[in-house]
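> just a sequence and a predicted model for now, questions to come.
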Amino acid sequence: MITELRTYKLKKGTSETFEKIFTEQSLPMLKRWKVKVVDFGFSLIDQESFYLIRSYESIEQRKQSQDAFYGSEEWINGPDKPLIDCIETYNTAIVDSTKLSIINTL
């Protein structure tokens, strides 16, 4: 299993729009496409930073899933452009799910 951590830096003044489109259109679509969403939301210290955490069986399965999802007419003719219009930048990190743990450094 792998976990994808994606963070979005939103354009000023677009947080409410982004959240509405994400929760009302994108999230239900992810569920219909059987994408495992682990968590999502705004940063606790910055309302212009949003995160999305997804889980996949493998790098290959992630690629297949995302190619199909982001290439679909439902996405392209739905939330794609309105969400992209809200995003200034985004970053993605992929980690081995078996190595995720809370490290006590005290």
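Nice, I can see it.

> give me the element L5 is part of.
Per DSSP states H and E: L5 is located in strand 2-10.

> low pLDDT regions in this protein?
101-106 (pLDDT under 70).

> need the helices for it, in chain order.
Per DSSP state H, the chain carries helices over the ranges 15-21, 27-32, 59-70, 73-76, 80-84.

> and these as JSON lines, adding distance to I94?
For glycine as for every other residue, the C-beta is placed from the backbone atoms N, C-alpha and C. Below are the helices of the chain laid out as JSON lines (distance: least, CB to CB, whole Å):
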{"stretch": "helix 15-21", "distance to I94": "23"}
{"stretch": "helix 27-32", "distance to I94": "17"}
{"stretch": "helix 59-70", "distance to I94": "7"}
{"stretch": "helix 73-76", "distance to I94": "21"}
{"stretch": "helix 80-84", "distance to I94": "21"}
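
> circling back to that earlier point, how about the strand holding L5: buried residues?
Buried positions in strand 2-10, judged by neighbour count with 16 or more other CB atoms under 10 Å: I2, T3, E4, L5, Y8, L10.

> from these, pick the one nearest V37.
Closest approach between the buried residues of strand 2-10 and V37, by CB to CB: E4, at 10.1 Å.
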